[in-house]
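Participant: need coordinates for the below:
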Amino acid sequence: MNPRISKGYWIWGQFDTHTTDIINSLYQEINNKLNGPKFDIHLTISGPFNYNEEIQKDTFQYISSKFNEINLQLKGINKTDEFFRSLFIDVGENENLNSLKNYIDATFNINAIEYFPHISLFYGLEDVSVKNEIIKKFKTPNSAIIDKISIARVDEEIKSWEVVRSYSLIKPIQSP
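Facilitator: Reported below is the predicted structural model:
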């Protein structure tokens, strides 16, 4: 197993207002109950990478103009015994998300070993019976829309996750 990189810049997918409101409500209720660290709702796309806004701003603007919003299918809450994957919403396999990730990885020369798309609801160590109760009690929406990519400065050692810049993805053209 590779050591976890706990500091650096990561690229997140973040959600439209409707999705954010629904998932944030779920996150806050669960996180308040379990007293976990605070973070913005997101789906990690890639990282870590060396970030320099002056040099890479045009690249991110190009990427955001090349990719449409991404509609995700959500598969309910799941758990692991890992601190940073303690409780999360499972995300279904998605060709558009994988294309965006592959493009970003190639552009920034990021060597991703495995990709496990998910939306974290709680970071921390908790008894499996408590997690199972939460999984039974809380329901997730069936879908979510990623409408932007964001650069996040991460320092897990001090439990800090800060979005430093976001770029909107293209809205698909609606049929009349």
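Participant: next one: residue 107 from residue 75, what distance?
Facilitator: For residue 107, the distance to residue 75 equals 29 Å [C-beta to C-beta, to the nearest Å]. Using the backbone N, CA and C atoms, a C-beta is placed for each residue, glycine as well.
Participant: wait, residue 42 sits on residue 118?
Facilitator: No. Using C-beta atoms under 8 Å, residue 42 is not in contact with residue 118, being 10.2 Å away.
Participant: compare those two (neighbour count), which wins?
Facilitator: Per other C-beta atoms under 10 Å, whichever of residue 42 and residue 118 has more neighbours is residue 42, with 21 against 18.
Participant: quick check: chain neighbours aside, which residue is closest to that one?
Facilitator: residue 12 (3.9 Å; C-beta to C-beta, 6 or more residues apart in numbering).
Participant: what pairs with the helix or strand harbouring the one you found, parallel or antiparallel?
Facilitator: If you go by DSSP states H and E, residue 12 is part of strand 7-15. Strand 7-15 has the following strand partners under DSSP bridges: strand 43-49 (antiparallel), strand 143-155 (antiparallel).
Participant: where in the protein is pLDDT low?
Facilitator: Along the chain, segments meeting pLDDT under 70 span 1-6, 156-160, 173-176.
Participant: going along the chain, name the helices of it.
Facilitator: Assigned by DSSP state H, the helices in the chain fall at 17-34, 53-66, 95-107, 128-137.
Participant: between those, which gets nearest to residue 84?
Facilitator: Nearest to residue 84 among the helices of the chain is helix 17-34; the distance by C-beta to C-beta comes to 13.4 Å.
Participant: still on that earlier bit, counting neighbours, what do you get for the residue nearest to residue 42?
Facilitator: Residue 12 sits with 23 neighbouring residues when counted by other C-beta under 10 Å.
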